[in-house]
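Student: Coordinates only, no sequence provided:
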């Protein structure tokens, strides 16, 4: 088993170059079309941040449950979690463009909106900024502690460290649940501050975990010879089952939110779906239902598809694409009331943020072998078989 995955070595520098070039070109778009630039940047940022945030949550779950099959996917999760300091810096354009994104950040709007005035104690720029910074501090601290103690455990084999990691993971899951919920409310739901949903945070979490499992599958396939030699059909089968499970979970949460709002039939709630069922958004909504649930449900239902690397790679790419559509669908109808129209700035921002995120992921993956050869549980993980 080699320490350095050649595939990651090949893509990290091109990804950084593409990201930097895309950032420069999208910045030009920012001067030409400031409102749409910030809207497109928010979509791209949330998509890529969701993978890093989902990785921390999944890392804590893996430590807490102690499943040996997860030993082999831990390093990619750690690398994704370590990109959070970069994502904190990447939030600066959102701070700068808040007037173009969040109506409650504008005094002229607040002065004439009684409901927003009642929410002003929570929806104000200083408190929003402080919450976001606190979120990132907590996320970065969780990622740092879990990674640090995992390294010590591999070096010493001290079982007390595993107990410590599991205790921290339990607390981390509680923190991630609360902070991800508030972050989703702040970053996306407050784009339409008159609307609210108590299930929105769970919806965002479910979509994020789908994206994480899809990313893990692609990284495991691409990171050869390091992971390619040891991740067997049994491991891919489990990754496929988990991807399938969270596809169904996402659909359950999405339907629950829609059904409850439809049944209640209150104008302040139904308006959110109305914005996504008119002005050209109808095909996107239908495509999201089909692409995020119906098609992958029947495709991943097959045992053979989950054990076939090519089929699973196709499913992973598909789910990442529809997750991008999902984030776009969540954000753009709230800020772009002129109807659906996809511009070049949307694609450039996605490429720019993605290139930098993937480049950073590749650089961070250099620091430790993707296969945790010193982990005492590795032999058991390598011999893992589905029942």
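Tutor: Structure received. Just so it is clear, the model here is predicted, and its values are computed rather than measured.

Student: Distance-wise, check the most centrally placed residue in the chain relative to residue 324.
Tutor: Nearest residue to the geometric centre of the chain (CA atoms, centre = their mean): residue 50, 1.8 Å. Here the distance between residue 50 and residue 324 works out to 10 Å (CB to CB, to the nearest Å). Quick note: C-beta positions are derived from backbone N, CA and C, even for glycine.

Student: Nearest residue to the residue nearest to the centre of the chain in space, please, no chain neighbours.
Tutor: residue 208 (3.9 Å; CB to CB, 6 or more residues apart in numbering).

Student: hey, where'd the helices end up in the stretch 1-150 of the chain?
Tutor: Applying DSSP state H, counting those that start in this stretch to the stretch 1-150 of the chain gives helices spanning 6-32, 34-65, 74-81, 84-90, 92-96, 98-101, 107-110, 114-118, 125-156.

Student: from those helices, which stretch is densest packed?
Tutor: For those, average neighbour numbers computed from mean count of other CB atoms under 10 Å are highest in helix 74-81, which has a mean of 25.

Student: Can you name every helix or strand that that one contacts?
Tutor: helix 34-65, helix 125-156, helix 200-222, helix 344-365 (3 or more CB pairs under 8 Å, 6 or more residues apart in numbering; DSSP states H and E).

Student: Reformat the helices of the stretch 1-150 of the chain as a markdown table; add distance to residue 314 and mean pLDDT.
Tutor: Listed next are the helices of the stretch 1-150 of the chain as a markdown table, based on distance: least, CB to CB, whole Å; pLDDT from 0 to 100:
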| stretch | distance to residue 314 | mean pLDDT |
| --- | --- | --- |
| helix 6-32 | 18 | 76 |
| helix 34-65 | 19 | 90 |
| helix 74-81 | 20 | 83 |
| helix 84-90 | 28 | 91 |
| helix 92-96 | 33 | 92 |
| helix 98-101 | 35 | 90 |
| helix 107-110 | 45 | 87 |
| helix 114-118 | 45 | 89 |
| helix 125-156 | 30 | 89 |
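
Student: about what we covered before: would you mind measuring from the residue nearest to residue 50 to residue 186?
Tutor: Taking CB to CB, one finds residue 208 at 15 Å from residue 186.

Student: Looking at the two, which has the bigger crowd around it?
Tutor: Per other CB atoms under 10 Å, whichever of residue 208 and residue 186 has more neighbours is residue 208, with 26 against 19.

Student: Residue 51 is in contact with that one, correct?
Tutor: Yes. Counting by CB atoms under 8 Å, residue 208 does reach residue 51; the two are 7.0 Å apart.

Student: shared neighbours of these two, which are they?
Tutor: Counting by CB atoms under 8 Å, 6 or more residues apart in numbering, no residue touches both residue 208 and residue 51.

Student: Might you list the low-confidence residue ranges for the stretch 201-350 of the chain?
Tutor: 223-230 (pLDDT under 70).

Student: Can you pull the phi/psi pair for residue 157?
Tutor: phi 70, psi 20 (degrees, to the nearest 10).

Student: same question but for residue 197, I mixed them up
Tutor: Dihedral angles for residue 197 - degrees, to the nearest 10 - are phi -150, psi 130.

Student: What sits closest to it if chain neighbours are left out?
Tutor: Using CB to CB, 6+ apart, the nearest residue to residue 197 is residue 257, at 5.8 Å.

Student: likewise residue 204?
Tutor: residue 184 (4.0 Å).

Student: Next, count neighbours for that neighbour.
Tutor: Neighbours around residue 184, by other CB under 10 Å: 24.

Student: Just the pLDDT for it.
Tutor: Per-residue confidence (pLDDT) for residue 184: 94.

Student: can you tell me the helix or strand for it?
Tutor: helix 159-187 (DSSP states H and E).

Student: and that helix, what other elements does it pack with?
Tutor: Against helix 159-187 (3+ CB pairs under 8 Å, 6+ apart) you get helix 34-65, helix 125-156, helix 200-222.

Student: so the shortest one versus helix 344-365, what angle?
Tutor: Read it as helix 200-222. 60 degrees (axes from the mean of the first three to the mean of the last three CA atoms, to 10 degrees).

Student: what's the angle between helix 200-222 and helix 6-32?
Tutor: 130 degrees.

Student: Pull up the gap between residue 356 and residue 260, please.
Tutor: Taking CB to CB, one finds residue 356 at 38 Å from residue 260.

Student: Who has more neighbours out of these two?
Tutor: residue 356 (23 against 13).

Student: circling back: mind putting the helices and strands packed on helix 159-187 into CSV with distance to residue 346?
Tutor: Formatted as CSV, these follow (distance: least, CB to CB, whole Å):
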stretch, distance to residue 346
helix 34-65, 4
helix 125-156, 23
helix 200-222, 18
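
Student: To residue 107, which of those helices lies closest?
Tutor: helix 125-156 (10.2 Å; CB to CB).

Student: helices or strands next to the closest one in the packing?
Tutor: helix 34-65, helix 74-81, helix 84-90, helix 159-187.

Student: Between helix 34-65 and it, find me the angle.
Tutor: 40 degrees.

Student: hmm, back to that, for residue 313, which of the helices and strands packed on helix 125-156 is the nearest?
Tutor: helix 74-81 (15.2 Å).

Student: Return the set of buried residues in stretch 161-178.
Tutor: 161, 162, 165, 168, 169, 172, 173, 175, 176 (16 or more other CB atoms under 10 Å).

Student: pLDDT and distance to residue 88 added to the residues you listed, as CSV?
Tutor: Formatted as CSV, the buried residues of stretch 161-178 follow (pLDDT from 0 to 100; distance: CB to CB, whole Å):
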residue, pLDDT, distance to residue 88
161, 80, 28
162, 80, 29
165, 85, 24
168, 87, 21
169, 89, 22
172, 91, 18
173, 91, 21
175, 93, 16
176, 92, 16
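
Student: That's all I had, so thanks and see you.
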